[in-house]
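Here you go, sequence then predicted model.
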Amino acid sequence: MKIRVRFAPSPTGLFHVGSARTTLFNYLHAKKRGGEFILRIEDTDKERSKPEYEENIFESLDWLGLEFDEGPIKEGSYGPYRQSERGEIYEKYIKKLFESGKAYPCFCSEDDLEREREAQLDRGEAPKYSEKCRKIDHEEDLKKIKNGEDFILRLMIEKGKEISFEDKIRGRVSFQSDGIGDFPISKGFERPFYNTACAIDDFEMRITDVIRGEDHISNTPKQILIQDALGFDRPNYAHLPLILAPDKSKMSKRFGAVAVSDYKKMGFLPESLTNFLALLGWSPGDDREFFSLGELEKEFSIERCKKSGAVFNKEKLEYINGLHIKNIDLQRLTNLCIPYLISESLIIPSHGEEEYPPAMGARSVTVDFKTADGRSINFDTLKEIVKEHQDRMTLLSQIADLSSYFFNRIEVDFDLLQWKEMNSEELKDVIDKAINIISNIDKWTKEEVTERLLQEANQYEGRGRFLWPIRAALTGEKASVGPFEVAWILGREEALKRLKQAKKSL
RNA sequence: GGCCCCGUCGUCUAGUCUGGCCUAGGACGCCAGGUUUUCAUCCUGGUAACAGGGGUUCAAAUCCCCUCGGGGUCACCA
């Protein structure tokens, strides 16, 4: 039988990295086994569900490259894929439960229930329904319902029964029915509660494998009870360990960035996030830890998942991002960096800001830019600048800080220009030599610039004596890309201008 | 508190099912050194763990029991 998995988020907030991990594992499990990955939106809570959050789910999944086979926007044979559109399906099953006598109406008020629960908690008991309304006979029930009395439906639970299931990650997990009680399954006949909708949808959508967070373990027996009452097949279960904040608690807003879209903004690559998230709870069994999504699809197996929670380690994520940045195509990297340069006002698209950000990777190469200090600069030059930083970045956003001197007017002073104990006469001499060399280079190529400057540098007892002042004069920074590359990228005119300016400061 | 789950370096993990090859391996971080014109990259080395206690066994990180610790969950939310 073909495997069918689902990811079922509620659009009540921005798409969370924890959700992304669950989605990823579902996706990988389906891909590895040639199955299908279904997206189901659990938007039955009308107050908290928002269309913009649903949109954020789609965008995040798309960005991460986790394409679903069926879902909203991509209807399949088992839709609709939003719970808010599945009312008739739920009603059918809820009525069946009532008519077969497996569920009964409860007319207790919310306030009474709340008081009861608190009293139980105070006594140190597990909060559980008293089963007061279970005693009302069927005729009475029908009469009350007819009279329009408010009610919820509760599932009648058999006492002294063990409910257990085989978890793909944890092995056998079992619960006692006595600890569960007659739990509520719906408001009236129309509005199913979470466990009910979930059990019905998983069945109706032919879900074979339910892979979700550990926080759902305690929902599982309830869903199994509903499945049994309705005569549904039971899917396979796998409960993933949670992703933890550094204090080992469930990762929440307190942690800082939790939304996938936040990580995108910070300058992470989608492949870095999927790579990192895959390693949180799963490992290939050997020492490899650099994976593309495609490689994960081949390597993944649910059996190799860990049971214990994993702390989200930002440093490691950045390290992995650095690895992926080194690895990607320069053209793509440049396109990804440009928005950060623009947002820091280091460059301005000469055809107007509205050209950016364009659809990813679809940018026209003919667009030119102006630098912050008013020179014009083209895409190829930006590409060279990005290339020089490819090995230095761990976040795309770092490009702005790292390369600002390429675009801005710079300032230099004696302290910066000085190498060891050189005095200003020596420094002036070095700069004059550089000006002379640069002025006389015939072919303005990187190789030529490098060769000519290096030739001169070799005349000194330490190359730094010649090269440091030049690099400092060209960049105005203590740390930067090397002098040859900077001079070449800036171009003869700008390089000479900066050298002359430096000389004046001496 | 009840129920459920979990427990190897600070962190992510390999090893646990199928005891011995584990004086516990890798990675991030951190520290030291090297390469280099600066910074970064890169390279080399170092740091650091089987939660504790009992068993079983010739042999236990691996099997059993207890203790301790951490987490999740207990809605007319999902």
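Right, received. Where do you want to start? Residues are numbered from 1 along each chain as shown, chains lettered A, B, ... in the order given.

mind listing what A:T220 touches?
Neighbouring residues of A:T220 by C-beta atoms under 8 Å, 6 or more residues apart in numbering: A:F165, A:V173, A:Y237, A:H239. Glycine gets a C-beta too; all of them are placed from N, C-alpha and C.

Confirm it sits in a helix?
Yes. With DSSP: H, G, I helix; E, B strand; the rest coil as the criterion, A:T220 is part of a helix.

So which of the contacts of A:T220 are in strands?
Among these, the members found in strands (DSSP state E) are A:F165, A:V173, A:Y237, A:H239.

What is the nearest of those to RNA strand B?
Checking the ones in strands among the contacts of A:T220 against RNA strand B with C-beta to the nearest atom of the strand, the nearest one is A:V173 at 4.4 Å.

which phi and psi does the residue nearest to the closest one when sequence neighbours are not counted have?
In space, and not counting its chain neighbours, A:V173 is closest to A:D167: 5.2 Å by C-beta to C-beta, 6 or more residues apart in numbering. Main-chain torsions, A:D167, degrees, to the nearest 10: phi -90, psi 130.

near RNA strand B, which of the contacts of A:T220 show up?
A:V173 (C-beta under 7 Å from any atom of the strand).

From start to finish, how long is stretch A:384-394 in a straight line?
End-to-end distance of stretch A:384-394: 18 Å, with C-alpha to C-alpha, to the nearest Å as the criterion.

in that stretch, what's buried?
A:E384, A:I385, A:V386, A:E388, A:H389, A:Q390, A:M393, A:T394 (16 or more other C-beta atoms under 10 Å).

got TSV for the ones in strands among the contacts of A:T220, with distance to A:T220, pLDDT and neighbour count too?
Below are those laid out as TSV (distance: C-beta to C-beta, whole Å; pLDDT from 0 to 100; neighbours: other C-beta atoms under 10 Å):
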residue	distance to A:T220	pLDDT	neighbour count
A:F165	6	96	19
A:V173	7	94	17
A:Y237	6	97	21
A:H239	8	97	22
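
host element of the residue of chain A positioned farthest from its centre?
The outermost residue of chain A, judged against the average C-alpha position, is A:E425 (55.5 Å), by C-alpha atoms, centre = their mean. Assigned by DSSP states H and E, A:E425 falls within helix A:424-439.

Flag every residue of the stretch 251-400 of chain A that's near RNA strand B.
Contacts of the stretch 251-400 of chain A with RNA strand B, taken as C-beta under 7 Å from any atom of the strand, map to A:279-281, A:283, A:285-287, A:289, A:304, A:306-311, A:313, A:315-316, A:319, A:326, A:391-392.

Repeat the analysis, applying 6 Å as the threshold.
Proximity of the stretch 251-400 of chain A to RNA strand B, by C-beta under 6 Å from any atom of the strand, involves residues A:279-281, A:283, A:285, A:287, A:289, A:306-311, A:313, A:315-316, A:319, A:391-392.

Sort out for me which of those residues are in strands.
Those of those lying in strands (DSSP E): A:A310, A:V311.

filter the residues of the stretch 251-400 of chain A next to RNA strand B to the buried ones?
Buried residues within those, defined by neighbour count using 16+ other C-beta under 10 Å: A:L279, A:L280, A:G281, A:G309, A:A310.

tell me the two of the residues you listed that are most distant?
Using C-beta to C-beta, these span at most 13.9 Å, a distance reached by A:L279 and A:G309.

a strand runs through A:R154, doesn't it?
Yes. According to three-state DSSP, A:R154 belongs to a strand.

does it really touch A:K132, like I thought?
No. Look at A:R154 against A:K132 with C-beta atoms under 8 Å: they stay out of range, at 10.3 Å.

Neighbour count for these two, which is higher?
Comparing A:R154 with A:K132 by other C-beta atoms under 10 Å, the one with more neighbours is A:R154, at 22 against 14.

List the contacts of the residue nearest to A:R409 when sequence neighbours are not counted.
Distances taken as C-beta to C-beta, 6+ apart place A:D373 nearest to A:R409, at 4.6 Å, with adjacent residues excluded. Going by C-beta under 8 Å, 6+ apart, A:D373 touches A:F407, A:N408, A:R409.

where along the stretch 301-450 of chain A do the strands fall?
For the stretch 301-450 of chain A, applying DSSP state E, counting those that start in this stretch gives strands covering A:310-311, A:347-349, A:369-371, A:376-377.

Nearest to A:P469, out of the ones you listed?
Taking those one by one with C-beta to C-beta, strand A:369-371 is closest: 23.8 Å.

Report the strands that pair with the closest one, each with its relative direction.
strand A:347-349 (antiparallel), strand A:376-377 (antiparallel) (DSSP bridges).

now the helices for the stretch 251-400 of chain A?
A:260-266, A:270-278, A:293-299, A:314-327, A:330-343, A:379-389, A:398-403 (DSSP state H, counting those that start in this stretch).
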